Each structure stands twice: as C-alpha cells, then as structure tokens.
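Chemist: Show me the folded form of this:
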Amino acid sequence: DLLARVDTDYAVFVADDDFIAPRALEAAVAFLDDHPDYSAVHGAAALVVLQDGPSGGVLGSEPYLQRTIDQPTASQRLRSHLLRYTPTEYSVKRTAEVAAHWQATRSLGLVDQLLGELVRSCLGIIEGKTHRLDQLYMVRRAHRQMASTRSRDIFDAMFGPGWAQQHARIQECLAQALARQDRVSLPEAQAVVKEILWAYWAGGLKQGWEERYGQRPVPWRRRLR
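Modeler: Got it, this is the predicted structure:
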C-alpha cells in the first residue's frame with residue numbers, strides 16, 4: 001500500500017534500525033539508469049552488535065554479505081543466489097518491480113515472512129542481474145528478530161500448517177518467471193526450480209541442525225591454553 005504512494009522511479013526498503021549511506025543511494029540510481037539489464041544494486045555492508053538497544057555503544061561488527069550476481073541466464077543467477085543466499089530486500093530497485101514483487105507475495109497468499117522475502121528476492125534475480133558497489137552502502141543492527149533463517153526454527157516452519165501449499169505456489173510462480181525470462185518450456189523451468197530449491201532448503205536444514213545440536217568448535221584461545 002505504501003508503494004502506491006511512491007512517485008520516484010526507484011525505491012528501497014529499509015528497516016527502522018538500519019542505515020543506508022546517501023552517497024551510495026545516488027551511485028546505485030546512477031548505475032541502474034545506465035544498466036537496464038540489472039534489477040538491484042547494493043554495496044558493502046556491515047552488521048553491528050549494540051549494547052543496551054539501538055542507542056548503545058558498539059560491541060562488535062562483521063561484514064554483511066552483499067554480492068554481485070551477473071550470470072547471463074536467469075537459471076544460472078537463481079542457482080548462484082540460492083546456493084549462497086544473501087537478501088536483496090534492502091537493495092535499490094525500480095519502484096515498479098518492487099511493487100510487482102510485493103503484489104506477487106500477496107497474490108500467493110504468503111503469510112510466512114521467510115517465504116515472502118524468498119519470493120521477492122528470487123523474482124528480482126530471475127528478471128535481472130544484481131550489482132555490488134565498491135563503497136559503503138548499509139549498516140545493519142544485529143538482533144534476534146532479524147528477518148533471516150537464523151531467527152527461527154526452519155524445521156518447525158517447514159512442517160507447520162499450510163507450509164506445503166504455500167511452497168507449491170512459490171515453485172510454480174518462480175518456474176513461470178524462469179520460463180519467461182530464459183525462454184524455455186515450463187516443465188524444464190519447473191525441474192530447474194525444484195532442483196535449486198531442494199538444495200537451498202537442504203542447506204538451511206543442515207545449518208539449523210548444526211547451530212542447535214552440533215558441537216561448537218572450541219575457541220582458539222582455549223585450545224592454545
């Protein structure tokens with residue numbers, strides 16, 4: 001509903017505790033103006049841990065992965081994206097495309113936040129390339145409620161009520177988009193999407209199991225002592 005009020009050619013979604021550098025926004029818009037085959041632009045980003053809420057001191061930071069995904073075909077880009085997933089939710093994109101992707105989430109009846117983000121990012125990757133600027137773009141605050149696979153139990157989500165029906169609709173949506181973009185048959189696109197999503201969820205389940213039940217490595221200082 002808010003996107004209907006945006007009157008600029010480009011838009012970016014920003015969480016209320018994150019910061020995007022204005023100069024990077026200008027560079028992203030300039031890049032998209034000159035490269036119509038790209039659908040999203042971002043840059044170097046950092047994830048920070050703060051003390052005592054959003055106004056506290058910085059306890060630590062680490063890079064927040066943002067990538068260039070510029071393979072020539074949609075299937076190649078989708079495979080690269082999901083085998084090393086990084087959100088494009090906070091990238092600069094064309095407003096019309098952002099609105100279309102949010103509308104797709106609504107039309108699919110997705111109530112799961114993780115699945116909604118997945119659909120929007122994958123549609124953008126299918127429709128165009130993604131570029132990473134060589135400059136500071138964003139600083140994100142790390143917290144437990146971040147929209148990521150780490151903030152939830154993937155096992156419970158996958159075996160929860162309604163998940164299978166939602167996922168089937170997602171597969172068909174992505175397959176149709178892939179077939180249009182790569183000009184292949186729908187059955188061929190369906191097979192590609194199934195293979196890539198299978199690998200994506202397998203990796204997520206493995207990571208979730210290791211974080212919850214796996215043996216954590218002993219810190220190097222303790223090993224040295």
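Chemist: Let me know the secondary structure of the residue nearest the centre of the chain.
Modeler: By Cα atoms, centre = their mean, the mean C-alpha position of the chain lies nearest to Pro87, the distance being 1.9 Å. Assigned by DSSP: H, G, I helix; E, B strand; the rest coil, the conformation of Pro87 is coil.
Chemist: can you pull the pLDDT of it?
Modeler: Here the pLDDT value assigned to Pro87 is 84.
Chemist: Ok, Arg150 next?
Modeler: pLDDT for Arg150: 47.
Chemist: and if you look at the one 5 residues further on?
Modeler: Phe155 carries a pLDDT value of 84.
Chemist: do the same with Arg120
Modeler: 94.
Chemist: same thing with Arg222?
Modeler: 68.
Chemist: And for Leu133?
Modeler: 97.
Chemist: just the one 5 residues further on next, same as before
Modeler: At Met138, the predicted lDDT confidence score is 95.
Chemist: and if you look at the one 3 residues further on?
Modeler: For Arg141, the pLDDT comes out at 88.
Chemist: Need the nearest residue in space to it, chain neighbours excluded.
Modeler: Asp17 (4.3 Å; Cβ to Cβ, 6 or more residues apart in numbering). Backbone N, C-alpha and C define where each C-beta goes, glycine included.
Chemist: Can you give me the neighbour number for the one you found?
Modeler: 16 (other Cβ atoms under 10 Å).
Chemist: Would you agree it falls within a strand?
Modeler: No. Remark: Asp17 does not belong to a strand; assigned using three-state DSSP, it is coil.
Chemist: pLDDT value on it, please?
Modeler: 84.
Chemist: Backbone dihedrals for it, please?
Modeler: Per-residue torsions, Asp17: phi -120, psi 20 (degrees, to the nearest 10).
Chemist: With Leu108 instead?
Modeler: According to degrees, to the nearest 10, Leu108 has phi -80, psi -10.
Chemist: Then Val48?
Modeler: According to degrees, to the nearest 10, Val48 has phi -120, psi 150.
Chemist: I figured it was touching His143, is that so?
Modeler: No. With contact defined as Cβ atoms under 8 Å, Val48 does not reach His143; the gap is 10.2 Å.
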